[in-house]
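Visitor: this one's structure only:
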């Protein structure tokens, strides 16, 4: 009995002695022209480096080696080493890149060009533009279907979600949503697509695989006691891998809405920093990190508890956030 007790104690000692593997959280600071790096174990800012002029959309290659940053006023995507933070090269992006989505292979990036009403397709290996897709006015939100067959673009002024084939780069469908659509996100099983409309104040729920083409099913609206309705401006969104919870950043309302994906009911509002904008999960989805542009910080949300647990100061006007994969 003592022998087994000693073995268990030794195993526990090894577990305790083994440091947790931290992920890096990268935050683009739109006005500060920098990226802040946060350690996800200590939740402390550990670095900050220049990232070009007006860095906004941000993402990480599937292998975790490269950080892509839309330097909007430089009309380029800057690429950084996620370990050294050195800029290793740039990618052509088309004018005024704002948001992008990455093909699961990592070989292609689909970029929204707000000023030219285009989605630009960039080959990350050859570092060349392989296609330009005309879309509606002021394209912004980008998403890719789980099977990588469709790329979604939302056009702010046209108020549409465009369904673009990744095979021939043609628009196959358009779905009208509410005013100023900002962001799009699929559930992991591909059965639902959510599109946030900042000025319309809603999230459109779309069946992207309906028999007769994508179908608008429902619109989620929001109400917070003491908050003016015009401040409820849905922007960034994330949905959990188990398709249970949709988190919606509500901009100047300084709240993140928690939506039950099955019932489409809002079950809670989490108070965060000022003008909450974009969000990203840590790899296991234990935490959700929000960027808060007017308070120059990020908020860490405990996903299971659905509450804010930490605020971390970053650079000036944080916009986008991306976390390295495990």
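Guide: That came through, no problem. Fair warning: this is a prediction, and the values are worked out from it, not measured in the lab.

Visitor: Okay, and the beta partners of residue 151?
Guide: Beta bridges link residue 151 to residue 144, residue 164 when assigned by DSSP bridges.

Visitor: State the number of residues packed around it.
Guide: The number of residues packed near residue 151 is 24, by other CB atoms under 10 Å. Every C-beta, even on glycine, is put in place using the N, C-alpha and C of the backbone.

Visitor: do the same with the one 5 residues further on
Guide: If you count neighbours by other CB under 10 Å, residue 156 ends up with 22.

Visitor: Am I right that it is in contact with residue 180?
Guide: Yes. Using CB atoms under 8 Å, residue 156 is in contact with residue 180, at 4.9 Å.

Visitor: For residue 194, give me its contacts.
Guide: Listed by CB atoms under 8 Å, 6 or more residues apart in numbering, the contact set of residue 194 reads 184-186, 203-206, 237, 239, 246.

Visitor: cool, and residue 144?
Guide: Residues near residue 144 by CB under 8 Å, 6+ apart: 101-104, 110, 150-152, 166, 186.

Visitor: roughly how far apart are it and residue 67?
Guide: Per CB to CB, to the nearest Å, residue 144 is found 19 Å from residue 67.

Visitor: Residue 125 too?
Guide: 17 Å.

Visitor: Show me which of these two is the more surrounded one.
Guide: Each of residue 125 and residue 67 has its neighbours counted (other CB under 10 Å); residue 67 has more, 26 against 9.

Visitor: For that one, which non-adjacent residue is closest in space?
Guide: Counting by CB to CB, 6 or more residues apart in numbering, residue 67 lies nearest to residue 80, which is 4.4 Å off, once chain neighbours are set aside.

Visitor: Then residue 307?
Guide: Nearest non-adjacent residue to residue 307, counting by CB to CB, 6+ apart: residue 270, 6.3 Å away.

Visitor: how many neighbours does the one you found have?
Guide: For residue 270, the neighbour count with other CB under 10 Å is 21.

Visitor: if I pick it, what's in contact with it?
Guide: Contacts for residue 270 (CB under 8 Å, 6+ apart) come out as 255-258, 301, 306-308.

Visitor: and which of these is nearest to residue 196?
Guide: residue 257 (10.2 Å; CB to CB).

Visitor: pretty sure the closest one is in a helix, no?
Guide: No. According to DSSP: H, G, I helix; E, B strand; the rest coil, residue 257 belongs to no helix; its state is strand.

Visitor: State the three-state secondary structure for residue 133.
Guide: Following three-state DSSP, residue 133 is assigned to strand.

Visitor: what's the nearest residue to it once chain neighbours are set aside sitting at in phi/psi?
Guide: Of all residues not flanking residue 133 in the chain, residue 119 sits nearest, at 4.3 Å (CB to CB, 6+ apart). Main-chain torsions, residue 119, degrees, to the nearest 10: phi -110, psi 120.

Visitor: Equivalent analysis for the one 4 residues further on, please.
Guide: Dihedral angles of residue 123 (phi, psi; degrees, to the nearest 10) stand at phi -90, psi 120.

Visitor: neighbours around it, how many?
Guide: Residues near residue 123, counting by other CB under 10 Å, number 16.

Visitor: OK, contacts around it?
Guide: Residue 123 touches 107-108, 129-130, counting by CB under 8 Å, 6+ apart.

Visitor: mind running it again at 7 Å?
Guide: Contacts for residue 123 were tallied using CB atoms under 7 Å, 6 or more residues apart in numbering; they are 107-108, 130.

Visitor: Now render these as TSV, adding neighbour count.
Guide: As requested, the contacts of residue 123 are exported to TSV (neighbours: other CB atoms under 10 Å):
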residue	neighbour count
107	15
108	20
130	12
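
Visitor: I'd like to know which of those is nearest to residue 233.
Guide: Nearest to residue 233 among the contacts of residue 123 is residue 108, at 30.8 Å by CB to CB.

Visitor: Report the separation between residue 311 and residue 273.
Guide: Distance, residue 311 to residue 273, using CB to CB: 6 Å.

Visitor: typed the wrong thing, it's residue 282
Guide: According to CB to CB, residue 282 and residue 273 sit 18 Å apart.

Visitor: Settle it for me: which of these two has more neighbours?
Guide: Each of residue 282 and residue 273 has its neighbours counted (other CB under 10 Å); residue 273 has more, 22 against 19.
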